[in-house]
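>>> Got a predicted model here, sequence first, then my questions.
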Amino acid sequence: TPRVFSGIQPSGGLTLGNYLGAMKRFVTMQDAGTHETIYCMVDLHAITARLVPADELIHNTRELCAGFIAVGIDPEKSVLINQSQVPEHAQLAWIFNCVARMGWMGRMTQWKDKAGKNAEAASLGLFAYPALMAADILVYHATHVPVGEDQKQHLELTRDIAAKFNHDYGVDFFPITEPVIEGAATRVMNLQDGTKKMSKSDPSDKTRINLTDSADEIAKKIRKAKTDPDPLPEALEGLETRPEARNLVNIYAALADIDPQAVLDQHAGGLFGQFKMALADLAVDKLAPISTEMTRLMADPAEIDRILGRGAERAREITVPILDRTYDIVGMLRS
Ligand code: AQP
């Protein structure tokens, strides 16, 4: 069976972008039953941008786990883990640090965006981020990785690392992983600026919908989202130069599980004032139960920890033999 792996950083708060671009599809792949699914809270990645107090990282990790379960990840059907509890991720990452080239890493747009002009002050971990991500995936020999559009370049790098390792050691060991970037919401945009992606680190909370927002907050943010005075067109081409309008149509489509064109079929000719009301109702309908369920799960942190402990045991049944074999290929003496 094909094996799916994907991860999310416990860096505080989940957005509608994380949900539609990633988590909602994790559930679809789990429930299809055609793939073995492994989903991960990547706490080692979460400290690359900045170090946070220990209790904050632990809280964020538990809250992310609650988020996974609340959206429909079933820890019996999927392997649900926290990255640092499966040490083979970091062990394989070291090998990949020695496979990946400085030039490859320096070309990553996420590195350039996040390090900004002050790359000298960025952490070495931020630079090496994609090598750890490649290890997360390849330590399971995962074949498919569902992600949002922003992760496409990192997945190409994962393929390059696998290919170089296989080539340099003359083996056919690591699979060449396929990104799975599909659906209407592979890139959910900022509600105030349709040219930027919706992001949990944007200083303005009005630019995003958080999975923990109340029904009122969700409705208000959608009502206040930037649009234009024109009505909804009949065909998608009519949205090409209207990024904010296009974004709301895409969000509607992804939440309702229909094509963007079907959204236009229902709403063409209407003004955005009206459309936003329909979108707000739909969003509250879909997201409010997630937030309620997260709050319920967070009341029992010991149960969350138990789930992650069990997940780590199951994960290591896969990762320990793959790391062993990697060490054999590389020539790490063990006695
Ligand atoms: N706006 C988005 N649209 C579609 N997919 C998105 N993802 C994130 N933002 C969008 C997808 O969510 C998954 C988890 O990503 P992550 O944990 O690496 O989070 P991130 O990309 O760091 O999230 P943010 O909100 O963008 O955080 P900051 O602001 O810190 O950069 C990935 O599959 C990602 O594609």
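Looks like it came in fine.

>>> The ligand contacts on the stretch 201-335 of the chain?
For the stretch 201-335 of the chain, the contact set with the ligand under Cβ under 6 Å from any ligand atom comprises S201. (Glycine included, C-beta is placed from N, CA and C.)

>>> In the stretch 201-335 of the chain, what residue comes closest to the ligand?
Closest residue of the stretch 201-335 of the chain to the ligand, Cβ to the nearest ligand atom: S201 (3.1 Å).

>>> nearest spatial neighbour of that residue, skipping sequence neighbours?
Nearest non-adjacent residue to S201, counting by Cβ to Cβ, 6 or more residues apart in numbering: S11, 7.6 Å away.

>>> hang on, the earlier thing: neighbours of the residue of the stretch 201-335 of the chain closest to the ligand, just the number please.
Applying other Cβ atoms under 10 Å, we find 11 residues neighbouring S201.

>>> Just confirm it is within a helix.
No - applying DSSP: H, G, I helix; E, B strand; the rest coil, one finds S201 to be coil, outside a helix.

>>> And the strands in the stretch 51-200 of the chain, which stretches?
79-82, 144-146, 178-180 (DSSP state E, counting those that start in this stretch).

>>> May I see those organised as a markdown table, with mean neighbour count added?
Shown next, in a markdown table, are the strands of the stretch 51-200 of the chain (neighbours: other Cβ atoms under 10 Å):
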| stretch | mean neighbour count |
| --- | --- |
| strand 79-82 | 26 |
| strand 144-146 | 22 |
| strand 178-180 | 17 |
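
>>> what's the closest of these to the ligand?
strand 144-146 (7.2 Å).

>>> Report the distance from the longest helix belonging to the chain to the chain centre.
The residue-count maximum for a helix in the chain (DSSP state H) belongs to helix 301-330. For helix 301-330, the separation from the chain centroid amounts to 20 Å (computed by Cα atoms, centre = their mean, to the nearest Å).

>>> ditto for stretch 232-245
For stretch 232-245 - counting by Cα atoms, centre = their mean - the centre lies 27 Å from the chain centre.

>>> ok, and what's touching it?
189, 191, 193-195, 225-228, 230, 246, 249, 260-261, 264, 267-272, 275 (Cβ atoms under 8 Å, 6 or more residues apart in numbering).

>>> Could you check how many residues crowd around the residue lying closest to D160 once chain neighbours are set aside?
Counting by Cβ to Cβ, 6+ apart, D160 lies nearest to W104, which is 6.5 Å off, once chain neighbours are set aside. Using other Cβ under 10 Å, W104 has 16 neighbouring residues.

>>> Next: the one 10 residues further on.
Residue crowding around K114 was assessed by other Cβ under 10 Å; the count is 16.

>>> Relative to I290, how far out is it?
Applying Cβ to Cβ, to the nearest Å, the value for K114 to I290 is 28 Å.

>>> which parts of the stretch 1-150 of the chain sit against the ligand?
For the stretch 1-150 of the chain, the residues in contact with the ligand (Cβ under 6 Å from any ligand atom) are 8-9, 11, 15, 17-18, 21-22, 147-148, 150.

>>> at 5 Å instead, please
Residues of the stretch 1-150 of the chain lying close to the ligand by Cβ under 5 Å from any ligand atom are 8-9, 17-18, 21-22, 147-148, 150.

>>> Among the residues you listed, name the ones in helices.
17-18.

>>> Adding neighbour count, write the residues of the stretch 1-150 of the chain next to the ligand out as a markdown table.
Listed next are these as a markdown table, based on neighbours: other Cβ under 10 Å:
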| residue | neighbour count |
| --- | --- |
| I8 | 20 |
| Q9 | 23 |
| G17 | 24 |
| N18 | 24 |
| G21 | 25 |
| A22 | 21 |
| V147 | 20 |
| G148 | 20 |
| D150 | 17 |
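
>>> Between the residues of the stretch 1-150 of the chain next to the ligand, which sits nearest Q91?
Nearest to Q91 out of these is Q9 (Cβ to Cβ; 20.0 Å).

>>> Can you check the pLDDT for the closest one?
Q9 carries a pLDDT value of 97.
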